[in-house]
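*Asks:* from the sequence below, what's the structure:
(one chain, ligands or ions: 3)
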Amino acid sequence: MTKKTIAVLPGDGIGPEVTTAAINVLETIADKYDHHFTFQQGWIGGSAIDEKGDPLPRETKEMSAESDGILLGAVGGPKWDRLPGAERPEKGLLEIRKSLDLYANLRPVKAYASLIESSPLKEAIVANVDFLIVRELTGGLYFGEPKKREDIRGETQAIDTLLYKASEIKRIAERAFQAAQLRNGKVVSVDKANVLESSRLWRETVDDVHASYPDVELEHMLVDNAAMQLIAQPAAFDVMVTENTFGDILSDEASMLTGSLGLLPSASLGSTGVGLYEPVHGSAPDIAGENRANPLAAISSAAMMVKYGFKMEKEAEKIETAVEKVLADGYRTADIAPKMEEAVTTTEMTDAVIKALE
Ligand SMILES: NC(=O)c1ccc[n+]([C@@H]2O[C@H](COP(=O)([O-])OP(=O)(O)OC[C@H]3O[C@@H](n4cnc5c(N)ncnc54)[C@H](O)[C@@H]3O)[C@@H](O)[C@H]2O)c1
Ligand SMILES: CC(C)[C@H](C(=O)O)[C@@H](O)C(=O)O
Ligand SMILES: [Mg+2]
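*Replies:* Ligands and ions are numbered 1, 2, ... in the order given. Prediction:
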């Protein structure tokens, strides 16, 4: 019996609904394969501000650091939108990523065959889409200093700093080349090297790292072109590596190649051993509390946890196959349902996945 302690940080909006779904799936897996998973809940985001006065309370940070893996829902919502940057729910998420040095955010983008075949969404969904976005997660505009507002001659101005050290670029490039070696051997590095100094360093560093991976093909692409190529020929991508902000935007764009943002999982990995697993989507305040959210992104994030965090390959595959099966069987939450009246709820979709695991 393998024992694992999982820190569960549901957060805000649909976060609690989709993390509950993922926990139910993980409990089924534990029963089936004779593992023992202990779940410890912690506050993060807006609900943590309300309960503890801090978007990342110390106890959440400590519990997460000591866990074997962190399962996160989403943070944020209109209730906290007017708070200053340093006090916002999103600050809790950025702080946990930074404090655990989770610099490599893996965001797989894969179209399910059954969604292409059986859904009127088929024009949006593109066959053969199967690539991995490797997003740098602890640098760039999100963290660079100075980051502040100031009054200059009676006018307010705001500064964010896009800063990258060569060492930060090197380690994420290494992750991308290694991922490509396990896939189809092709990396596209996305930057804005025609304008940004940080991107010119990015490009040079990626080229330097590439010298150690001669078996991997490398192409550099400007981010505006990449945004277009993702739509024009998405099946041509294998691994895309990019900086924090570009990766955030391009992954939401890429989600629509699969039909919905509610399908995309992610793993944030770093140097400390503990990983954080969360859907790419946010707290979806427009559907929160309605049992309408698609839980598959969170469930697939749980699959990434058992695969990357616990090295349980067959358990991960079991979850992935169950997700494929429920889609092939026609289960559709509202975001992917051809007709609203045919949509299943979050809990019905979760129950279908659990049934498919048995
Ligand atoms: N990792 C995170 O915690 C995270 C990620 C993105 C946004 N956010 C936060 O979430 C809040 C809302 O942001 P937003 O509205 O721009 O983005 P969002 O991702 O929450 O929602 C965008 C759209 O996608 C839909 N959607 C998202 N997830 C879905 C799911 N699982 N099933 C069905 N539909 C889904 C929503 O209903 C909405 O229409 C903001 O406060 C933002 O900062 C948090
Ligand atoms: C909520 C926000 C800070 C976060 C990000 O930009 O990293 C989110 O959009 C994501 O994609 O995880
Ligand atoms: Mg995002």
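*Asks:* run through the residues that contact Ile44.
*Replies:* By Cβ atoms under 8 Å, 6 or more residues apart in numbering, the contact list for Ile44 reads Leu9, Pro10, Gly11, Pro55, Leu56, Thr60, Leu72, Val75, Pro89, Gly92, Leu93, Ile96. Bear in mind the C-beta positions are built from the backbone N, C-alpha and C, glycine included.
*Asks:* how about it: what's its closest non-neighbour residue?
*Replies:* Leu9 (4.2 Å; Cβ to Cβ, 6 or more residues apart in numbering).
*Asks:* now stretch 8-20: average pLDDT?
*Replies:* Averaged across stretch 8-20, pLDDT comes to 98.
*Asks:* how far off centre is that stretch?
*Replies:* Offset of stretch 8-20 from its chain centre (Cα atoms, centre = their mean, to the nearest Å): 14 Å.
*Asks:* of all the contacts of Ile44, which comes closest to Ile354?
*Replies:* Here the nearest of the contacts of Ile44 to Ile354, counting by Cβ to Cβ, is Pro10; it sits at 18.8 Å.
*Asks:* neighbours of Pro120, just the number please.
*Replies:* Residues lying near Pro120 (other Cβ atoms under 10 Å) number 9.
*Asks:* pull the contacting residues for it.
*Replies:* Pro120 makes contact with Pro338, according to Cβ under 8 Å, 6+ apart.
*Asks:* picking up where we left off before, and the residue nearest to Ile44, backbone torsions?
*Replies:* Here is the backbone geometry of Leu9 (degrees, to the nearest 10): phi -120, psi 90.
*Asks:* residues touching it, list them.
*Replies:* Neighbouring residues of Leu9 by Cβ under 8 Å, 6+ apart: 19, 41-45, 60, 64, 70-73, 96.
*Asks:* the contacts of Ile44: which ones sit near ligand 2?
*Replies:* Leu93 (Cβ under 6 Å from any ligand atom).
*Asks:* show me the contacts of Ile44 that map onto strands.
*Replies:* Those of these mapping onto strands are Leu9, Pro10, Gly11, Leu72, per DSSP state E.
*Asks:* need the max-distance pair from the residues you listed.
*Replies:* Pairwise across those, and taking Cβ to Cβ, the largest span is found between Pro10 and Leu72, at 7.9 Å.
*Asks:* need the residues touching each of these two.
*Replies:* Thr19, Ile44.
*Asks:* more crowded one of those two?
*Replies:* Just comparing Pro10 and Leu72: by other Cβ under 10 Å the higher neighbour count belongs to Leu72, 30 against 26.
*Asks:* excluding sequence neighbours, find me the nearest residue to the more buried one.
*Replies:* That would be Glu278: by Cβ to Cβ, 6+ apart, it lies 3.9 Å from Leu72.
*Asks:* what about the one you found, how many residues nearby?
*Replies:* Each residue near Glu278 was counted by other Cβ under 10 Å, and the total is 29.
*Asks:* give me the phi and psi for it.
*Replies:* The phi/psi pair for Glu278 (degrees, to the nearest 10) reads phi -150, psi 150.
*Asks:* repeat for the one 3 residues further on
*Replies:* Geometry field for His281 lists phi and psi as phi -70, psi 170, criterion degrees, to the nearest 10.
*Asks:* measure the residue nearest to it when sequence neighbours are not counted to ligand 1 for me?
*Replies:* Counting by Cβ to Cβ, 6+ apart, His281 lies nearest to Leu261, which is 4.5 Å off, once chain neighbours are set aside. To ligand 1, Leu261 is 5 Å away according to Cβ to the nearest ligand atom, to the nearest Å.
*Asks:* please enumerate the strands of the stretch 251-358 of the chain.
*Replies:* Using DSSP state E, counting those that start in this stretch, the strands of the stretch 251-358 of the chain run over 267-269, 276-277.
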